[in-house]
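Engineer: just coords:
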């Protein structure tokens, strides 16, 4: 019977047989995730034009995760498929291709481990090198996180040296990106986006995208001098919307009694570019493709450094504080001088069923009345912004940072049932600009952007299934239009967003 099955099914059966054989040693796990999310968007991410209508859709993430561990090696793979329901026709052709991708694929080679007696000599408590496609998650994920709310998540192709010694954790990592194997190339120039094969020129004619080129497009989808860079949101980061050419970081952390203290120093470099155009003749039409050409030697280097502290105290650890300060300097992706900073402080008190949090985030921005050529817009790197600045993702997530930066005092109240199966949280964010901005007449706009209310609920249906419901509403001001680059008076100022999510995470090898 097996010989009549298609080869992919035979491979799966063989793989599962191997899993069962290894499972007795408790070194192998095979898990999955199916996460379906239905959303109603009426101003999610940015204010919606008064002429537009709301939208609804269902997205799905599917993952198969394999983990193997022994005394010398940890091996992890996560195969992922992300799509919208109906994105493919119910019957697809061979030309549609595959949307399957690798979210993570890494190995951690353990070189020293004093807790493992199989090591004859271990100069360190723990020392390993982790190499491959991996998530980088540190502290509260404000600067380095997996952005798990996004169906596609976030990962890096990197190598990380991991050291633990006498309670100290020291991680040294780096990444180097390239989208060509350099055959017939002179140098290792990097085009920081996944560019489609074709683009419309300024006359609307379809043309092959020039090599090493990110075109500008306007609202009509054709290339234009005054358009915006297209496709830079793929793969993208929080706000820079341009993938780095290289990145290096050093993380040092230690827990003193119940207080975690850590330091981060990170540099990322971005490929330099020049503005360019390519002529295209199509019959009697002579059009142009305008955009950025990434074939200039050198990079624009940015560095970010700072401290994080999280004290926990109380007889039952019911109090915890959270504070951090980070400075950003060097040059941004466009080569502008950079001097920016961010700080945050919060206090959290929890009882058996209730949790109360109050906090304040500040991210510096530019003063539009200033003539300085130095940028002061802080970029929160590669973190998980959905967790911090409102679940409607108006800042540092789906769109870039506001020119004037962000001031965000907030309050959160959370209830957790005694059996831990149900949680509900109400969060309130007040959004202000961190610095002054001009209106169309040259006068300063109000710094107050709006107030957001987020209600999130989660119910654990069984040990592998969660049901989540979220409702969000914002009372925005006309200043939000300026912050979002929208013509004043053209947007609805009461955006709403809702979602219903089913998250299933089975463990296939467990009974």
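Structural biologist: Noted; the coordinates are in hand. The model shown is predicted, which means the values in this text are computed figures rather than measured ones.
Engineer: tell me the spacing between the nearest residue to residue 405 once chain neighbours are set aside and residue 178.
Structural biologist: With Cβ to Cβ, 6 or more residues apart in numbering as the criterion, residue 405 has its nearest non-adjacent residue at 2.3 Å, and that residue is residue 365. No exception for glycine: its C-beta is placed from N, CA and C like everyone else's. For residue 365, the distance to residue 178 (Cβ to Cβ, to the nearest Å) stands at 33 Å.
Engineer: who's more crowded, those two?
Structural biologist: Taking other Cβ atoms under 10 Å, residue 365 and residue 178 do not tie; residue 365 has more neighbours (24 against 14).
Engineer: host element of the more buried one?
Structural biologist: Secondary structure assignment for residue 365, by DSSP states H and E: no helix or strand.
Engineer: residues contacting it?
Structural biologist: Contacts for residue 365 (Cβ atoms under 8 Å, 6 or more residues apart in numbering) come out as 376-378, 401-406, 433-435.
Engineer: where along the stretch 351-500 of the chain do the helices fall?
Structural biologist: Along the stretch 351-500 of the chain, counting by DSSP state H, counting those that start in this stretch, helices occupy 478-483.
Engineer: any stretches of it with poor pLDDT?
Structural biologist: 400 (pLDDT under 70).
Engineer: about what we covered before: if we only consider the contacts of residue 365, which is nearest to residue 61?
Structural biologist: Each of the contacts of residue 365 was checked against residue 61 using Cβ to Cβ; the closest is residue 401, at 26.5 Å.
Engineer: can you pull the contacts of the closest one?
Structural biologist: 239, 363, 365, 377-379, 395.
Engineer: distance to residue 209 added to these, as CSV?
Structural biologist: CSV is the format used below for the contacts of residue 401 (distance: Cβ to Cβ, whole Å):
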residue, distance to residue 209
239, 25
363, 34
365, 34
377, 29
378, 33
379, 27
395, 31
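Engineer: how distant is stretch 117-136 from the center of its chain?
Structural biologist: Counting by Cα atoms, centre = their mean, to the nearest Å, stretch 117-136 is centred 27 Å from the centre of its parent chain.
Engineer: make residue 1 into 866 and carry on from there
Structural biologist: Fine by me, first position is 866 from now on; the one you just mentioned is stretch 982-1001.
Engineer: pull the residues that contact that stretch.
Structural biologist: 936, 939, 941, 967-981, 1009-1011, 1018-1031, 1038, 1114, 1247.
Engineer: who touches the spatially most central residue of the chain in this structure?
Structural biologist: Centroid-nearest residue in the chain: residue 1012, 4.1 Å away (criterion: Cα atoms, centre = their mean). By Cβ under 8 Å, 6+ apart, the contact list for residue 1012 reads 1018-1019, 1103, 1247-1251.
Engineer: and residue 1330, by the same measure?
Structural biologist: Neighbour list for residue 1330: 1367-1370 [criterion: Cβ under 8 Å, 6+ apart].
Engineer: of those residues, buried ones?
Structural biologist: 1368-1369 (16 or more other Cβ atoms under 10 Å).
Engineer: where in this protein is pLDDT low?
Structural biologist: Using pLDDT under 70, the chain drops low at 866-891, 955-964, 1047-1051, 1095-1106, 1265, 1376.
Engineer: can you give me the helices in it?
Structural biologist: 872-888, 1343-1348 (DSSP state H).
Engineer: run the chain-centre distance for the shortest one.
Structural biologist: Right, the one you point to is helix 1343-1348. How far helix 1343-1348 lies from its chain's middle: 25 Å, per Cα atoms, centre = their mean.
Engineer: who are the packing partners of that helix?
Structural biologist: Using 3 or more Cβ pairs under 8 Å, 6 or more residues apart in numbering; DSSP states H and E, the elements in contact with helix 1343-1348 are strand 1313-1327.
Engineer: packing partners of the strand it packs on?
Structural biologist: Using 3+ Cβ pairs under 8 Å, 6+ apart: strand 1313-1327 touches strand 1287-1297, strand 1330-1341, helix 1343-1348.
Engineer: what about the ones you listed, which gets the closest to residue 1078?
Structural biologist: helix 1343-1348 (30.6 Å).
Engineer: tell me the contacts of residue 902?
Structural biologist: So residue 902 contacts 923-925, 1016, 1364-1367 (Cβ under 8 Å, 6+ apart).
Engineer: take the residues you listed and write them to CSV, including distance to residue 1188.
Structural biologist: Formatted as CSV, these follow (distance: Cβ to Cβ, whole Å):
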residue, distance to residue 1188
923, 39
924, 35
925, 38
1016, 32
1364, 31
1365, 35
1366, 31
1367, 36
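Engineer: how close does the residue nearest to residue 1270 get to residue 1126?
Structural biologist: 28 Å.
Engineer: one more: residue 998?
Structural biologist: Counting by Cβ to Cβ - residue 998 and residue 1126 are separated by 30 Å.
Engineer: more neighbours: which of the two?
Structural biologist: Taking other Cβ under 10 Å, residue 998 and residue 1126 do not tie; residue 998 has more neighbours (17 against 14).
Engineer: deepest-packed of the helices and strands packed on strand 1313-1327, please.
Structural biologist: helix 1343-1348 (a mean of 23; mean count of other Cβ atoms under 10 Å).
Engineer: isn't residue 1039 right next to residue 1112, touching?
Structural biologist: Yes - Residue 1039 is in contact with residue 1112 according to Cβ atoms under 8 Å; the separation is 6.7 Å.
Engineer: in terms of neighbours, single out the busier of those two.
Structural biologist: Using other Cβ under 10 Å as the criterion, residue 1039 and residue 1112 rank with residue 1112 on top: 22 against 15.
Engineer: buried subset of the contacts of residue 1266?
Structural biologist: 1104, 1228, 1230, 1242-1244, 1260.
Engineer: can you give the distance from stretch 1244-1260 to the centre of its chain?
Structural biologist: Worked out by Cα atoms, centre = their mean, stretch 1244-1260 lies 8 Å from the chain centre.
Engineer: again with stretch 1002-1016
Structural biologist: In terms of Cα atoms, centre = their mean, the centre of stretch 1002-1016 is found 7 Å from the chain centre.
Engineer: list the buried residues in it.
Structural biologist: Applying 16+ other Cβ under 10 Å to stretch 1002-1016 flags 1003-1016 as buried.
Engineer: swap in stretch 1056-1067?
Structural biologist: 1056-1058, 1060, 1064-1067.
Engineer: farthest-separated two in those?
Structural biologist: Farthest pair in these, by Cβ to Cβ: 1057 and 1067, 23.5 Å.
Engineer: state the distance from residue 1313 to residue 1243.
Structural biologist: Taken as Cβ to Cβ, the span from residue 1313 to residue 1243 is 20 Å.
Engineer: what do you get for residue 1296?
Structural biologist: 15 Å.
Engineer: common neighbours of residue 1039 and residue 1112, please.
Structural biologist: Contacts common to residue 1039 and residue 1112, judged by Cβ under 8 Å, 6+ apart, are residue 1023.
Engineer: any idea how far the residue nearest to the centre of the chain lies from residue 1114?
Structural biologist: The gap separating residue 1012 from residue 1114 is 17 Å, by Cβ to Cβ.
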